[in-house]
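Visitor: Make a model of this:
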Amino acid sequence: MYSASGLLPRPFPTTHSNPTYYVEGMLHYCVANMPGAVARISTFALTNAGPKLQVHDASQADPLPVRADFGISLAPHLDQLPKEARVRAAMDLVTRVSGGYTPGFRAGAELAWLERYQARVGYIANGPFGSGATFGLGFSTGKLQIDLARVLSNTVSGADSPSYLSLRYLF
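Guide: Next up, the predicted model:
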């Protein structure tokens, strides 16, 4: 352990290829800023499963399905990219909890610059509008995030392919 007061020995940063050193017979490990070789995130979400929020709920012709989403995201550190750039890849499985529907799959990649500008490409299989390629752009300003995305579906004409505008504010 090292202290800011300087009473304890000062560390010497090391690397993944040579992570340890000895000082006065004591082994030291001091890999600086070590997030890991590849950051991984896995998620699970259950949607539309809670109680209805309307007190006087009228009959709905097409009730919202209870869905389960499972996903994984990888953010490898690529030395070839400038330090301002970040790459992420993700895959998701989306399925209805009941009803025997075919599960849907999503896969995609994102390139971000300065954690402010994002460009995304992907593919959806068995989605609500069929299967097809997706692309999108994003912009972040502090807590406000703006995203624009387009799905190129194989079941609807190009003019009818859905586009999405998403505005998010992070509290």
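Visitor: ranges for the strands of the protein?
Guide: Counting by DSSP state E, the segments of the chain that form strands are 20-23, 26-29, 38-47, 67-76, 85-96, 104-113, 117-127, 130-141, 144-153, 163-169.
Visitor: Just the C-alpha atoms of the last one, please, in CSV.
Guide: Okay, so that is strand 163-169. C-alpha atoms of strand 163-169 as CSV (Å, rounded to 0.1, in the frame of the first residue of the first chain):
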residue,chain,number,x,y,z
SER,A,163,-36.4,5.1,-38.2
TYR,A,164,-36.0,5.9,-34.5
LEU,A,165,-35.1,9.1,-32.8
SER,A,166,-34.1,8.7,-29.1
LEU,A,167,-33.6,11.5,-26.6
ARG,A,168,-32.3,10.5,-23.2
TYR,A,169,-31.4,12.6,-20.2
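Visitor: Which neighbours in the sheet does that strand have, and how are they oriented?
Guide: Its sheet considered, strand 163-169 pairs with strand 144-153 (antiparallel) by DSSP bridges.
Visitor: which residues touch the partner strand?
Guide: Defining contact as Cβ atoms under 8 Å, 6 or more residues apart in numbering, one finds that strand 144-153 is touched by 118, 120, 124, 127, 129-140, 158, 161-170. Heads up, the C-betas are built off the backbone N, CA and C, glycines and all.
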